[in-house]
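> Below: sequence and its predicted model.
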Amino acid sequence: MSSYESAERYFNHAAEVMGLSDNMGKLLKTPQREVKVQIAIEMDDGLIGTFIGYRIQHNKARGPMKGGLRFHPEVDGDEVLALASLMTWKTAVVNIPYGGAKGGISVDTSALSHRELESITRKFVDEIHDIFGPDTDIPAPDMGTNSQIMAWIMNQYEKYHGYNPACVTGKPVELHGADGREEATGRGVAIVTKAAMTKLKKPVEGARVAIQGFGNVGSFAASILHKMGAKIVAVSDAFGGIQNQDGLDIPELLKHMEKHKKVEEFEGSEPIDNAGLFAADVDVLIPAAIGGVLTKENADDVRAKLIVEAANNPTTSEADYILERKGILVVPDILANAGGVTVSYFEWVQNRQHFSWELEEVRKRLEKIMTTAFDRVWKVAEEKKVSPRIAAYVLGIGRVGRATVLGGI
Ligand SMILES: NC(=O)C1=CN([C@@H]2O[C@H](COP(=O)(O)OP(=O)(O)OC[C@H]3O[C@@H](n4cnc5c(N)ncnc54)[C@H](OP(=O)(O)O)[C@@H]3O)[C@@H](O)[C@H]2O)C=CC1
Ligand SMILES: O=C(O)CCC(=O)C(=O)O
């Protein structure tokens with residue numbers, strides 16, 4: 001099943017629950033614009049490297065389109081379309097004034113030098129600068145991209161349109177990035193994990209947690225949950241995984257990561273593969289890496305009582321059905337990982353006002369938005385007798401649909 005097919009199935013299920021007309025369903029599913037560009041650069045060895053870049057603008061009914069850029073070898077049009085559509089529903093679920101978009105480049109960044117990465121990024125901006133900007137479509141980091149890449153984007157954009165930090169978010173704090181954006185997605189994941197544990201009548205203190213992915217989102221989620229008193233018993237990255245049944249020492253693991261760039265061989269841990277991590281005897285499972293990892297083949301093995309989708313689209317719709325039948329609570333991506341885009345919104349607001357907020361202000365506002373969205377999704381789930389995922393879609397589609405009707409096409 002393709003990434004988009006899975007996302008579309010959730011949409012269709014929610015549309016049925018809401019009694020959405022076919023015409024409105026078709027309008028809301030159809031992307032505004034899909035752009036695919038050639039990115040050719042001179043590689044360090046003097047040869048030409050040719051890559052493909054994408055930006056898909058899904059929906060603008062509620063405001064400028066918003067969504068990250070993914071640099072990963074598996075990026076393709078189908079995946080970017082699925083991720084762009086998720087952004088439309090995500091910004092609506094947390095009720096921030098944006099539509100949805102996503103982009104990326106099909107590239108293995110680990111095979112690039114710093115100069116090649118910068119060249120690819122700048123060339124991508126050369127190709128798409130006229131379709132993004134502070135009032136139209138605002139990119140941000142996602143898998144394989146970071147604040148340095150956002151700084152290059154801002155600088156290259158300036159060459160065409162003049163200085164405007166609000167054209168991209170997730171920038172370094174020294175270049176008008178928001179304090180708290182880097183940790184925001186992981187912090188949001190921790191906030192909703194706590195809220196969901198409360199619904200399960202269990203404290204987060206002492207909860208056993210396994211996390212797939214230890215990049216930006218996975219590492220901050222681990223660190224913040226660890227500070228909340230949870231026991232992180234297993235984590236993994238693309239090289240492999242580690243476990244310690246008594247709980248991994250997360251501050252020490254972060255130091256180990258700085259030095260070795262992978263979790264493997266962390267002192268006091270034993271190896272675990274992804275299959276073992278998904279089947280681990282834990283309270284909470286947090287996929288925080290790539291999409292499509294929970295499938296009909298492994299969903300039955302899951303022993304966690306709660307899954308918090310830090311990654312985008314980690315669960316195929318077939319697996320989702322199995323997890324629901326097993327009584328496992330799933331906090332869906334479009335709610336669980338919305339902390340990142342929420343603080344991106346704060347960054348954009350600060351850039352437009354030329355005024356920065358204190359970190360505590362950012363954290364306080366993020367907590368309010370995440371818990372409000374969680375409660376709202378929970379309420380819809382109870383009222384409509386559907387899973388939190390379908391409830392989140394009902395909420396998001398409802399808000400985008402109403403904006404479309406009010407604003408006109
Ligand atoms: N950054 C953000 O603000 C947001 C991100 N997300 C989503 O969160 C997820 C992670 O993004 P982010 O943390 O930014 O990305 P990063 O690139 O910072 O980290 C990705 C992590 O996933 C690991 N990984 C990749 N493939 C596998 C695999 N097969 N098995 C185990 N681990 C793997 C990587 O390992 P290695 O380092 O070894 O390659 C790395 O630890 C994505 O789905 C993204 O869309 C959602 C909302 C916002
Ligand atoms: O911060 C943003 O604007 C978007 C983050 C993103 O790509 C996501 O939420 O999946």
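On my side now, so go ahead. Ligands and ions are numbered 1, 2, ... in the order given.

> which parts of the helix or strand hosting Ala275 are buried?
Taking DSSP states H and E as the criterion, the element that holds Ala275 is helix 274-278. By neighbour count on 16 or more other C-beta atoms under 10 Å, the buried set for helix 274-278 is 274, 277-278. Placement of C-beta: from N, CA and C, glycine included.

> which one of those is nearest ligand 1?
Asn274 (5.3 Å; C-beta to the nearest ligand atom).

> Is it correct that Ile272 is in contact with Asn244?
No. Using C-beta atoms under 8 Å, Ile272 makes no contact with Asn244, being 9.7 Å away.

> Can you report phi and psi for Thr145?
Main-chain dihedrals, Thr145, degrees, to the nearest 10: phi -130, psi 160.

> Let me see the confidence value for it.
Looking at Thr145, its pLDDT reads 98.

> That one: what's it in contact with?
Each residue near Thr145 by C-beta atoms under 8 Å, 6 or more residues apart in numbering is listed here: 68-71, 170.

> again, but for Ala381
387-388, 390-391.

> 10 Å - rerun?
387-392, 394-395 (C-beta atoms under 10 Å, 6 or more residues apart in numbering).

> Throw those into CSV and include pLDDT, neighbour count and secondary structure, thanks.
Listed next are the contacts of Ala381 as CSV, based on pLDDT from 0 to 100; neighbours: other C-beta atoms under 10 Å; DSSP: H, G, I helix; E, B strand; the rest coil:
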residue, pLDDT, neighbour count, secondary structure
Ser387, 97, 20, coil
Pro388, 98, 22, helix
Arg389, 98, 25, helix
Ile390, 98, 24, helix
Ala391, 98, 25, helix
Ala392, 98, 31, helix
Val394, 98, 24, helix
Leu395, 98, 26, helix
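
> any idea which element Glu347 lies in?
With DSSP H and E as criterion, Glu347 is part of helix 339-353.

> then that helix to PDB, C-alphas only?
Taking Å, rounded to 0.1, in the frame of the first residue of the first chain, the C-alpha atoms of helix 339-353 are listed here in PDB:
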ATOM      1  CA  GLY A 339       4.200  20.600  18.100                       C
ATOM      2  CA  GLY A 340       6.800  21.300  15.400                       C
ATOM      3  CA  VAL A 341       4.500  23.200  13.000                       C
ATOM      4  CA  THR A 342       3.000  25.000  16.000                       C
ATOM      5  CA  VAL A 343       6.300  26.500  17.100                       C
ATOM      6  CA  SER A 344       7.100  27.200  13.400                       C
ATOM      7  CA  TYR A 345       3.900  29.300  13.500                       C
ATOM      8  CA  PHE A 346       5.300  31.100  16.600                       C
ATOM      9  CA  GLU A 347       8.500  31.700  14.700                       C
ATOM     10  CA  TRP A 348       6.700  33.100  11.700                       C
ATOM     11  CA  VAL A 349       4.600  35.400  14.000                       C
ATOM     12  CA  GLN A 350       7.800  36.600  15.800                       C
ATOM     13  CA  ASN A 351       9.500  37.300  12.500                       C
ATOM     14  CA  ARG A 352       6.600  39.300  11.200                       C
ATOM     15  CA  GLN A 353       6.500  41.400  14.400                       C
END
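
> Report the angle between the following helix or strand past that helix and helix 339-353.
Using DSSP H and E, the next helix or strand after helix 339-353 towards the C-terminus is helix 359-384. For helix 359-384 against helix 339-353, the angle by axes from the mean of the first three to the mean of the last three C-alpha atoms, to 10 degrees is 130 degrees.

> how about helix 359-384, does it reach ligand 1?
No. Remark: helix 359-384 sits outside contact range of ligand 1, by C-beta under 6 Å from any ligand atom, the gap being at least 12.3 Å.

> re earlier: out of the buried residues of helix 274-278, who's near ligand 1?
Asn274.

> I'd like the buried residues of helix 274-278 laid out as CSV, including distance to ligand 2 and pLDDT.
As requested, the buried residues of helix 274-278 are exported to CSV (distance: C-beta to the nearest ligand atom, whole Å; pLDDT from 0 to 100):
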residue, distance to ligand 2, pLDDT
Asn274, 21, 96
Leu277, 22, 98
Phe278, 22, 98
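
> could you dump the buried residues of helix 274-278 to a markdown table with distance to Met257?
Formatted as a markdown table, the buried residues of helix 274-278 follow (distance: C-beta to C-beta, whole Å):
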| residue | distance to Met257 |
| --- | --- |
| Asn274 | 18 |
| Leu277 | 17 |
| Phe278 | 22 |
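
> what's the spacing between the nearest residue in space to Gly133 that is not next to it in sequence and ligand 2?
Spatial nearest neighbour of Gly133, chain neighbours left out: Cys167 (5.2 Å); criterion: C-beta to C-beta, 6 or more residues apart in numbering. Between Cys167 and ligand 2 the distance is 12 Å, computed by C-beta to the nearest ligand atom, to the nearest Å.

> Just the pLDDT for Cys167.
98.

> That one contacts Met154, doesn't it?
Yes. Taking C-beta atoms under 10 Å as the definition, Cys167 is a contact partner of Met154 at 6.2 Å.

> intersection of neighbour lists for those two?
125, 139, 351.

> Ile211: which of the residues you listed is nearest?
Ranked by distance to Ile211 (C-beta to C-beta), the shared contacts of Cys167 and Met154 are led by Pro139 at 26.1 Å.

> can you count the residues close to the closest one?
Number of residues near Pro139 (other C-beta atoms under 10 Å) recorded here: 31.

> isn't it right up against Phe71?
No. With contact defined as C-beta under 10 Å, Pro139 does not count as touching Phe71 (11.8 Å).

> Next, show the common contact partners of those two.
With C-beta under 10 Å, 6+ apart, Pro139 and Phe71 have common neighbours 103-104, 124, 145, 149.

> Which of those sits closest to Ala299?
When those are compared against Ala299 (criterion: C-beta to C-beta), the nearest one is Gly104, at 27.0 Å.

> Could you look up the SS state of the closest one?
Following DSSP: H, G, I helix; E, B strand; the rest coil, Gly104 is assigned to strand.

> residue contacts, it?
52-56, 67-72, 74-77, 79-80, 83, 124, 139, 142-145.
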